[in-house]
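J.: pasting a predicted model and its sequence here:
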Amino acid sequence: MPIRRITKHGERVLKTPCPPLDYAAFKNELPALLKDMWATMAAARGVGLAAPQIGLSLRIAVIDVKPEGKPRRIVLINPEILSLEGELNDEEGCLSLPGVYAKLRRHARARVRALDENGVSREVSGEGLLARALQHETDHLDGKLYIDRLSFEDRLKALDAIKDAKPSWD
């Protein structure tokens, strides 16, 4: 279960929407990939990781926000957001933009439908950090980074922070 290199801002795979994954064609490769994704996310101390963040244009993401300090691993294959409600304005970061954080308005509650690691269609609902993670990881699969959702002024500040942080990303 090797830890994979996390792609960083500026790499094309992060800006490319992922096509739907053919679960049946990929199911034999999925367990090994998921092990790598969990290990990579844990090593980076993240709460979510999308396949493009390890250089793969696959519509797969993993999330574990550890509610009440207990693991709750969520696998999302071909996720689609079903509903978004409320408002949450909090600081957000990304493993592909290490050390760069910005306040971002997201929805406080989210409901997503996706296949799990067994190919079973499930709905996942979350509030707070889980809602933010569901939106954030789905954005990655759509070729978006959280800074793409910032106001022009805040995006300029974030890009300045990225420029300063980049030398330490290797």
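T.: In hand now; what should we look at?

J.: let me know the secondary structure of the residue nearest in space to the middle of the chain.
T.: With distances taken as CA atoms, centre = their mean, the residue of the chain nearest its centroid is Glu137 (2.7 Å). Under the three-state scheme (DSSP: H, G, I helix; E, B strand; the rest coil), the conformation of Glu137 reads as helix.

J.: ok, it - contacts?
T.: Glu137 makes contact with Gly48, Leu49, Ala50, Ala61, Val62, Ile63, Leu76, Pro79, according to CB atoms under 8 Å, 6 or more residues apart in numbering. (Glycine included, C-beta is placed from N, CA and C.)

J.: low-confidence regions, this structure specifically.
T.: Along the chain, segments meeting pLDDT under 70 span 1, 170.

J.: quick revisit: how much space between the residue nearest to the centre of the chain and Arg106?
T.: Computed as CB to CB, to the nearest Å, the Glu137 to Arg106 distance reads 12 Å.

J.: next: Asp148.
T.: From Asp148 to Arg106 the distance is 13 Å (CB to CB).

J.: of those two, who's got more company?
T.: Arg106 (22 against 12; other CB atoms under 10 Å).

J.: for that one, what are its contacts?
T.: Taking CB under 8 Å, 6+ apart as the test, what Arg106 contacts is Glu87, Leu88, Asn89, Asp90, Glu92, Ala131, Arg132, Gln135, His136.

J.: how about Lys15?
T.: So Lys15 contacts Gly143, Lys144, Leu145 (CB under 8 Å, 6+ apart).

J.: quick revisit: so which of the contacts of Glu137 belong to helices?
T.: Taking DSSP state H as the definition of helices, the contacts of Glu137 contribute nothing to them.

J.: filter those residues down to the ones in strands?
T.: Using DSSP state E, the members of the contacts of Glu137 that fall within strands are Gly48, Leu49, Ala50, Ala61, Val62, Ile63, Leu76, Pro79.

J.: Arg111: what secondary structure?
T.: Per three-state DSSP, Arg111 ends up strand.

J.: same check, this time on Asp90
T.: strand.

J.: please apply the same query to Ser83.
T.: strand.

J.: show me the contacts for the closest residue in space to it that isn't next to it in sequence.
T.: Distances taken as CB to CB, 6 or more residues apart in numbering put Arg111 closest to Ser83, at 4.6 Å, once the chain neighbours are dropped. By CB under 8 Å, 6+ apart, the contact set of Arg111 is Ile81, Leu82, Ser83, Leu84, Glu123, Val124, Ser125.

J.: how about Leu134?
T.: Leu134 touches Ile63, Leu76, Pro79, Ile81, Ala110, Val112, Val124, Gly126, counting by CB under 8 Å, 6+ apart.
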